[in-house]
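Engineer: let's see this in three dimensions:
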Amino acid sequence: MDSKAKDIERREWKKIVDRILEKEKCLVLTLGYIDTGKTSFLKYASKKIKENGKKVSIIDCDVGQSNIGPPGCLGLLNDSGKSFYYFIGDVYPYDHSKVITGLLELLSRVDSSYILIDTTGLIFGKGRSLKRAKIMSLKPDLIIAFQRNHELEGILKNFPQYEIIRENVENVEFTSREKRKEIRKKLWKKHLKNSQIKVFNLKDIKLRNTFLFSGMESRKDIMEKILGMKVYWCEKIPEGFFIVADEYGEQENTIILKKGFEEGLIVGFIKNEICIGVGMIIRVDFERKEIYILTNTENDFDFIEFGRIKINGDGEELGRVYNLVY
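Structural biologist: Purely as a prediction, here's the structure:
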């Protein structure tokens, strides 16, 4: 973008900030596809609002490219400088209800009259329904729609009752998928810095958002005869059986995961519904019912919550584990 285009952009942004400041308090929701300038605008708006002597808080809903907390988390940065994270457990917001719940939880901890909310660039398909749910849940005072070619109109036309500012976007460079993964890799390493392996016994902790250890232990020898392979863990759950064996498998009303499925899985340490730190599972000892987790988090937490995404020690993403969380 050349200097002339930047000057025009800043003049338009100033008009938007002036409109925000006309209100005694204002919840601003930004919408837009990837790389349309949402985050840059919010940084600009936050700075200008503070320069006017007002308190402003920012909520970052971009679980894949967070500017506040670890990847896989929603983040709140209050005017006081204090931050809060809500654990989602993936860099893609598969679970819409969890995202909305987390967003409302963070909103309850805001300390400012002006709230700026950044969102992911998902605006098509399921992304459209997530944006609709956010608007309906938040009831924003102002929606700022960053779009190149009317791509948000399918969402916006459902909300004529809200004040909407449409910001046309031109000449913005796209960040490649590989570059985004590289950024997340650095963020994972940052938030796992100075970590050590800690051992947690199941009798001392509570797990959340996973079928693992949620049911009643069942006899492995019987299941081995049925499946014809080595079984390391078997439990009866309301949905049927949850099994860890030598290979992945498919059986009616049965979840079968391969031994080692948990290695590299991201977890969140939860206290009062807030994520106080993240960790990476090293392994599970099914005989001792112990979980080995690489983390820098202290032991004062309510739950260990399972995510979907897996990483290695360098922060490189290795894929997802399915049929483990619910």
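
Engineer: could you use CA atoms for every contact and neighbour count after this?
Structural biologist: Will do.

Engineer: pLDDT weak spots in the chain?
Structural biologist: Along the chain, segments meeting pLDDT under 70 span 1-9, 171-172.

Engineer: which neighbouring elements make contact with the longest strand seen in it?
Structural biologist: Ranked by residue count under DSSP state E, the longest strand found in the chain is strand 274-285. Contacts defined by 3 or more CA pairs under 8 Å, 6 or more residues apart in numbering; DSSP states H and E place strand 274-285 against strand 83-87, strand 265-271, strand 290-295.

Engineer: what's the domain layout of the protein?
Structural biologist: 3-175, 191-320 (automatic domain parsing).

Engineer: and residue 220, how far from residue 242?
Structural biologist: Applying CA to CA, to the nearest Å, the value for residue 220 to residue 242 is 11 Å.

Engineer: go on, residue 297?
Structural biologist: 29 Å.

Engineer: between the two, which one's more packed in?
Structural biologist: residue 242 (26 against 19; other CA atoms under 10 Å).

Engineer: how close does residue 78 sit to residue 246?
Structural biologist: Taking CA to CA, one finds residue 78 at 48 Å from residue 246.

Engineer: mind putting the domains of the chain into a markdown table with distance to residue 184?
Structural biologist: Listed next are the domains of the chain as a markdown table, based on distance: least, CA to CA, whole Å:
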| stretch | distance to residue 184 |
| --- | --- |
| domain 3-175 | 6 |
| domain 191-320 | 8 |
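
Engineer: among these, which is nearest residue 181?
Structural biologist: Smallest distance to residue 181 across those (CA to CA): 7.6 Å, for domain 191-320.

Engineer: so which of the helices and strands packed on strand 274-285 comes closest to residue 28?
Structural biologist: Closest among the helices and strands packed on strand 274-285, using CA to CA: strand 83-87, at 18.7 Å.

Engineer: quick one: that closest one to strand 265-271, angle?
Structural biologist: Counting by axes from the mean of the first three to the mean of the last three CA atoms, to 10 degrees, strand 83-87 points 130 degrees away from the direction of strand 265-271.

Engineer: ok, the closest residue to residue 46 other than its chain neighbours to residue 70 distance?
Structural biologist: Among residues not flanking residue 46 along the chain, residue 56 sits closest, at 6.4 Å (CA to CA, 6 or more residues apart in numbering). Distance of residue 56 to residue 70, given as CA to CA: 21 Å.

Engineer: what of residue 93?
Structural biologist: 14 Å.

Engineer: who has more neighbours, those two?
Structural biologist: Using other CA under 10 Å as the criterion, residue 93 and residue 70 rank with residue 70 on top: 27 against 22.

Engineer: burial check on residue 323, number of neighbours?
Structural biologist: Neighbours of residue 323 (other CA under 10 Å): 13.

Engineer: looking at it, it is touching residue 255, isn't it?
Structural biologist: Yes - with contact defined as CA atoms under 8 Å, residue 323 reaches residue 255; the gap is 6.7 Å.

Engineer: can you map out the strands along the stretch 1-150 of the chain?
Structural biologist: With DSSP state E, counting those that start in this stretch as the criterion, the stretch 1-150 of the chain has strands at 26-32, 56-60, 73-77, 83-87, 114-118, 142-147.

Engineer: now distance to residue 99 too, for those, in JSON lines please.
Structural biologist: Converted to JSON lines, the strands of the stretch 1-150 of the chain look like this (distance: least, CA to CA, whole Å):
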{"stretch": "strand 26-32", "distance to residue 99": "15"}
{"stretch": "strand 56-60", "distance to residue 99": "11"}
{"stretch": "strand 73-77", "distance to residue 99": "8"}
{"stretch": "strand 83-87", "distance to residue 99": "9"}
{"stretch": "strand 114-118", "distance to residue 99": "13"}
{"stretch": "strand 142-147", "distance to residue 99": "19"}
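
Engineer: next one: the residue of the chain most remote from its centre from residue 249, what distance?
Structural biologist: The centre of the chain is farthest from one residue, residue 225, which by CA atoms, centre = their mean lies 40.6 Å away. Residue 225 is 14 Å from residue 249, where distance means CA to CA.

Engineer: which residue packs closest to residue 69, ignoring adjacent ones?
Structural biologist: Per CA to CA, 6+ apart, closest to residue 69 is residue 75, 5.4 Å.

Engineer: look up how far residue 242 lies from residue 91.
Structural biologist: 25 Å.
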